[in-house]
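Student: coords please:
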Amino acid sequence: MKVAITSGSGALDAGFDLHFGRASHFCLIDLESEAIETVANPAVSASSGAGIQAAQLMGQHAVNAVISGSFGPKAFQALNTAGITMYAVPNGDSLIVGDVLAQMKAGGLQPLDTPSHGGHAQGKH
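Tutor: Sure, this is the predicted structure:
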């Protein structure tokens, strides 16, 4: 299973980013092999559609699950359509990527079945 975690730099010791579509990087972790890949988010500065573009990026990297602080309705729909499971850690602003990964491995995160916020007006710009 390959998991993507939103982050500031993509490393396990990087700060966890609370915004899926506007995260600067994704830390991709293969849970079986423990291989880690850093992917920059080309949609970070998009004028619109950042969540959808980031979701497409996750599909291109064959990600099975994404962990972020929040997912808007368009990103949620795009990820859901691609069969990618979403987990939210809304109060994770003081966490690092490794902490979030540990929570997931321990079964401390629940999959989302609805978007975690109403859209970009409530997110990071």
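Student: Could you use CA atoms for every contact and neighbour count after this?
Tutor: Noted.
Student: got a list of what the nearest residue to Phe20 once chain neighbours are set aside touches?
Tutor: Counting by Cα to Cα, 6 or more residues apart in numbering, Ser68 is the residue found nearest to Phe20 once chain neighbours are left out, at 5.6 Å. Applying Cα atoms under 8 Å, 6 or more residues apart in numbering to Ser68 gives the contacts Ile5, Thr6, Phe16, Asp17, Leu18, His19, Phe20, Met86, Tyr87, Ala88, Val89, Pro90.
Student: rerun that using 10 Å as the cut-off
Tutor: 4-7, 16-21, 23, 26, 86-90, 92, 97, 100 (Cα atoms under 10 Å, 6 or more residues apart in numbering).
Student: Over to Val3?
Tutor: By Cα under 10 Å, 6+ apart, the contact list for Val3 reads 26-31, 36, 58, 62-67, 84-86, 101, 104.
Student: Mind checking which of those are buried?
Tutor: Buried residues within those, counting neighbours by 16 or more other Cα atoms under 10 Å: 26-29, 36, 58, 62-67, 84-86, 101.
Student: now the farthest one out in this protein, which residue is it?
Tutor: Ser33 (19.9 Å; Cα atoms, centre = their mean).
Student: helix or strand for it, which one?
Tutor: Here Ser33 sits in a region with no helix or strand, counting by DSSP states H and E.
Student: do the same with Asp93
Tutor: Asp93 is part of no helix or strand, with elements assigned from DSSP H and E.
Student: Could you pull out the helices in this protein for me?
Tutor: 50-60, 73-81, 97-105 (DSSP state H).
Student: I'd like to know which elements the second one is packed against.
Tutor: Using 3 or more Cα pairs under 10 Å, 6 or more residues apart in numbering; DSSP states H and E as the contact test, the elements touching helix 73-81 are helix 50-60, strand 85-88.
Student: again with the last one
Tutor: Based on contacts counted as 3+ Cα pairs under 10 Å, 6+ apart, the elements that helix 97-105 packs against are strand 2-7, strand 25-30, strand 65-68.
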